[in-house]
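Student: one predicted model, sequence on top.
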Amino acid sequence: MSGIFGDTLTFHQEEGGAVELVAFGDDKYARYETVDGYSVVYDADRGAYCYAETDSAGPGRRFVSSGVPLSQPAPVGLPRHLREGQGYRREVFKDRVLQTIPEEDRAHLDPDTLLTFGPVKGLLPGDALTAGDVQGLTILVDFPDTATDVTVDDVSALLNSPNFTANGNRCSVKEFFRTMSTGKLRFTNTVVGPFRMSRPRLAYGLKQHRGELVPEALQAAADAGVDFSRFDSLERGIVDSVCIMYAGQTEFREDLWPHNSRFPAQIGDVRTDFYTVTSIGDTAADLRIGTFCHESGHLLCRWPDLYDYGTVEREGDDFTSAGMGTYCAMSAGDHLGDGFLPSAVCVYLRRLVGWTRDVDISVPGSYEAVQGEYDKALIYHNPQRKNVEYYLVENRSRLGFDSRLTSSGLAVYHCDIKGSNEFQQGNQVRHYQCALLQADGHLDLETGLNFGDGGDLYGPIAGTALSHGSHPASLWWDGSESGLTLSGIGAPGEVIAFTTGEQGIAGTQITGRSAPGAEIPDQDVGGLTDSIALEGAGTVRDLTVSIDIEHARIGDLRVVLLAPSGRRAVIHNRTGGDTKNLRLTLTSQPPSLLAPLIGDAVTGGWQLKVTDAVEGSAGMLRSWEITIRTGT
């Protein structure tokens with residue numbers, strides 16, 4: 001499925017010009033709004049988009065047309081952001097998902113597990129074609145009202161050329177899969193057509209004609225003499241791959257929405273099975289590999305989507321998280337560079353289909369992550385859930401297929417083949433199938449704030465970047481300690497070095513003390529900063545800080561401890577009201593305000609910054625002391 005996450009897109013009407021609508025969803029279920037927030041439906045009787053109303057108030061409520069086209073003001077009193085009922089959406093989604101599942105597998109599967117779950121050891125049901133020479137058939141179609149100047153040769157170059165870079169494309173579809181599989185999968189397409197469909201283009205975007213495009217295109221190819229048996233490379237009696245590419249720009253509606261599904265049809269000695277649908281565009285300059293690669297990833301490899309559909313509300317809400325964001329071509333990464341420069345397929349999915357060899361990083365030592373080394377998986381297993389839950393580490397520097405990522409550095413994924421990227425909660429029961437640990441400690445992907453930002457990946461970090469006490473922490477989903485510790489991470493580039501395991505001599509105690517007797521500036525945002533220099537090998541395992549401040553009103557004070565790396569912990573923030581003198585000792589035993597500093601390098605200047613935000617009460621930093629126990 002190719003998901004749309006609130007993008008503003010152009011949609012066409014039989015009557016009236018094109019309109020700009022905000023779309024949410026995928027080919028299984030989608031909703032549309034005007035740019036100012038009114039829900040809309042396509043009114044087939046009027047041949048135009050109209051403002052939507054609902055037919056009832058319950059969970060089964062559906063949209064109906066108000067009969068008022070978007071060229072007119074919205075009906076008086078019509079609320080914005082209307083939704084169809086959860087019950088109705090659930091049934092629509094389940095029905096359409098089941099159409100993608102082979103009949104022999106349906107009885108054994110709960111439809112709810114067919115969303116962003118991979119119910120077959122992390123993958124979707126159906127035969128995966130991940131090695132050898134796979135023969136695909138691509139059928140071009142146009143319409144009585146929409147012809148195309150794009151030629152068979154144009155499309156064949158997009159799909160098969162060894163050196164395809166036209167219009168800024170990274171490569172051809174064949175080269176994408178060859179690179180991701182390190183030569184294991186050679187996916188070639190024969191292009192035929194274009195064949196003229198019987199209805200106008202927009203008719204295939206209407207509910208009443210749902211499901212008509214694919215069988216009509218297959219029949220047209222068969223009537224033209226296409227030998228479907230040529231595309232059964234494994235001699236299963238099943239066509240390896242069928243892709244329908246239709247004339248014109250992508251229309252995110254019904255049969256015209258880019259998607260992967262099934263249509264079993266006996267044609268001669270073979271039958272069809274999985275297929276994809278994408279658009280050709282208006283000219284050859286519109287041809288791009290992103291969506292074709294994404295949908296073919298479903299078809300060939302049976303990869304699930306690594307994003308949240310947000311349509312069935314298994315989470316009990318209407319919330320849509322970003323899943324893996326742009327960090328995988330099977331999430332939103334297929335859209336990078338407007339689809340011309342999709343990101344790589346993440347190592348989690350490559351490993352599921354056997355394209356990688358494992359390198360166990362549970363043995364303490366120094367390792368290297370090489371950008372573009374797609375046949376290697378740096379893995380840290382959960383011994384209690386072998387090959388079910390684990391961590392993977394990958395170099396995602398801005399090079400090659402990752403040149404358009406928003407962040408650059410070392411990626412750490414928490415993987416569980418029994419998870420789902422519908423589950424953003426991150427707890428033992430509900431968590432992602434593949435979660436990116438965002439190095440800045442934010443949960444922007446889980447909260448849907450963005451699809452990736454500059455703080456997501458690790459490096460360069462001299463001390464410990466990831467451990468049981470860092471934020472984020474390297475825990476298993478049940479909350480127990482995994483033992484994974486990463487430190488000494490190098491800068492982004494072709495090779496990123498890093499170290500796993502304990503750092504320094506566990507249990508070494510290092511103490512520093514300062515007694516500046518210094519005045520704290522009154523009503524000064526710069527405040528007073530005092531430093532203690534520490535030396536010693538290792539990283540912070542336990543931390544104790546004691547401070548002695550004289551002040552007439554501690555509610556005026558803010559105190560921050562800064563590690564040499566720049567990490568900080570706010571240990572007092574204008575609480576305590578009129579209480580005099582701030583004398584306290586804090587430890588890092590959880591829950592603790594000092595937790596952000598666990599795992600940091602010891603050596604360097606540790607700083608205590610004290611600011612007084614209110615005029616009228618002078619104070620003094622008499623002394624402070626820091627004690628660190630090293631090791632992890």
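Tutor: Received the coordinates, thanks.
Student: from now on I want contacts and neighbour counts done on CA atoms only, so please keep to that.
Tutor: Will do.
Student: and stretch 343-352, how far out from the chain's middle?
Tutor: 12 Å (Cα atoms, centre = their mean, to the nearest Å).
Student: so what touches it?
Tutor: 122-123, 180-181, 303, 326-330, 333-334, 336, 356-357, 374, 377, 392, 394, 401-405, 413, 415, 434 (Cα atoms under 8 Å, 6 or more residues apart in numbering).
Student: could you say what helices and strands the helix or strand Arg541 falls within packs with?
Tutor: Assessed by DSSP states H and E, Arg541 sits inside strand 540-551. Contacting strand 540-551 under the criterion 3 or more Cα pairs under 8 Å, 6 or more residues apart in numbering; DSSP states H and E are the following elements: strand 582-587, strand 619-630.
Student: given the longest one, what are its sheet partners and their directions?
Tutor: Looking at strand 619-630 with DSSP bridges, its paired strands and their directions are strand 509-514 (antiparallel), strand 518-520 (antiparallel), strand 540-551 (antiparallel).
Student: minimum distance to Gly616: which of those has it?
Tutor: The closest approach between Gly616 and any of these, judged by Cα to Cα, belongs to strand 540-551 at 10.9 Å.
Student: ok, and what's touching that closest one?
Tutor: Outside strand 540-551, the residues touching it (Cα under 8 Å, 6+ apart) are 580-589, 594, 597-602, 617-632.
Student: may I see the buried residues of that strand?
Tutor: Neighbour counts using 16 or more other Cα atoms under 10 Å place Val540, Arg541, Asp542, Leu543, Thr544, Val545, Ile547, Asp548, Ile549, Glu550, His551 of strand 540-551 among the buried residues.
Student: and for stretch 262-280?
Tutor: By neighbour count on 16+ other Cα under 10 Å, the buried set for stretch 262-280 is 262-263, 267, 270-280.
Student: max pairwise distance over those residues: which two?
Tutor: Spanning the widest gap among the buried residues of stretch 262-280 are Val270 and Ile280, at 26.9 Å by Cα to Cα.
Student: do a quick rundown of the strands in the stretch 1-150 of the chain.
Tutor: Secondary structure of the stretch 1-150 of the chain (DSSP state E, counting those that start in this stretch): strands located at 4-11, 19-25, 30-34, 39-43, 48-54, 63-69, 132-142.
Student: any idea which of the ones you listed is most buried?
Tutor: strand 48-54 (a mean of 25; mean count of other Cα atoms under 10 Å).
Student: what is that one packed up against?
Tutor: strand 39-43, strand 63-69.
Student: among the ones you listed, which is nearest Ala533?
Tutor: strand 39-43 (60.9 Å).
Student: correct me, but Gly237 touches Asp273?
Tutor: No: in this structure Gly237 lies outside contact range of Asp273 using Cα atoms under 8 Å: 10.2 Å.
Student: returning to that earlier point: which of the helices and strands packed on strand 48-54 sits closest to Asn189?
Tutor: Here strand 39-43 is closest among the helices and strands packed on strand 48-54 (Cα to Cα), at 35.0 Å.
Student: show me what that closest one is packed up against.
Tutor: Using 3+ Cα pairs under 8 Å, 6+ apart: strand 39-43 touches strand 30-34, strand 48-54, strand 63-69.
Student: can I get these in a markdown table with distance to Ala23 and mean pLDDT?
Tutor: Output for the helices and strands packed on strand 39-43, formatted as a markdown table (distance: least, Cα to Cα, whole Å; pLDDT from 0 to 100):
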| stretch | distance to Ala23 | mean pLDDT |
| --- | --- | --- |
| strand 30-34 | 5 | 88 |
| strand 48-54 | 13 | 91 |
| strand 63-69 | 15 | 90 |
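Student: so which of the ones you listed gets nearest Glu216?
Tutor: Per Cα to Cα, nearest to Glu216 of the helices and strands packed on strand 39-43: strand 30-34, 24.1 Å.
Student: off-centre distance for that closest one?
Tutor: On Cα atoms, centre = their mean, the centre of strand 30-34 falls 22 Å from that of its chain.
Student: contacts for that strand, please.
Tutor: By Cα under 8 Å, 6+ apart, strand 30-34 touches Glu20, Leu21, Val22, Ala23, Phe24, Gly25, Ser39, Val40, Val41, His81.
Student: show me how the record splits this protein into domains.
Tutor: 4-95, 115-301, 345-500, 509-630 (automatic domain parsing).
Student: before we move on, back to that, show the buried residues in the contacts of stretch 343-352.
Tutor: 122-123, 180-181, 303, 326-330, 333-334, 336, 356, 374, 377, 392, 394, 401-405, 413, 415, 434.
Student: in helices only, show me the residues you listed.
Tutor: If you go by DSSP state H, the buried ones among the contacts of stretch 343-352 have Met180 in helices.
Student: so which of the buried ones among the contacts of stretch 343-352 sit within strands?
Tutor: Cross-referencing these against strands under DSSP state E gives Ala377, Leu392, Glu394, Tyr413, Cys415, Cys434.
Student: what mean pLDDT would you report for stretch 393-408?
Tutor: What stretch 393-408 shows for mean pLDDT is 96.
Student: now do stretch 347-366
Tutor: Stretch 347-366 comes out at a mean pLDDT of 96.
Student: do stretch 430-443 as well
Tutor: On average, stretch 430-443 scores 89.
Student: and it, which residues are buried?
Tutor: Arg430, His431, Tyr432, Gln433, Cys434, Ala435, Leu436, Leu437, Gln438, Ala439, Leu443.
Student: over to stretch 367-382?
Tutor: Buried, per 16+ other Cα under 10 Å, within stretch 367-382: 367-382.
Student: could you check how far Ala203 is from Gln13?
Tutor: 10 Å (Cα to Cα, to the nearest Å).
Student: who has more neighbours out of the two?
Tutor: Between Ala203 and Gln13, Ala203 has the larger neighbour count (other Cα atoms under 10 Å), namely 21 against 16.
Student: pretty sure that one contacts His209?
Tutor: Yes: the pair Ala203 / His209 is scored as a contact, 6.6 Å apart, by Cα under 8 Å.
Student: please enumerate the helices of the stretch 251-400 of the chain.
Tutor: 290-301, 347-352 (DSSP state H, counting those that start in this stretch).
Student: sheet-wise, list the partners of the helix or strand hosting Ile244 with their directions.
Tutor: Here Ile244 is covered by strand 241-247, with elements defined by DSSP H and E. Here strand 241-247 is paired, per DSSP bridges, with strand 132-142 (parallel), strand 274-281 (parallel).
Student: out of those, which is closest to Leu534?
Tutor: strand 132-142 (58.1 Å).
Student: sorry, back to before: next secondary structure element downstream of the strand holding Arg541?
Tutor: strand 557-562.
Student: pLDDT (mean, whole number) over that following strand?
Tutor: 92.
Student: show me where pLDDT drops low in this protein?
Tutor: 1-5, 58, 96-117, 309-319, 502-507, 538, 631-632 (pLDDT under 70).
Student: in it, which residue is closest to the centre?
Tutor: Nearest residue to the geometric centre of the chain (Cα atoms, centre = their mean): Met324, 1.6 Å.
Student: figure out which of the helices and strands packed on strand 48-54 is closest to Asp522.
Tutor: Short answer: strand 39-43, nearest of the helices and strands packed on strand 48-54 by Cα to Cα, at 55.2 Å.
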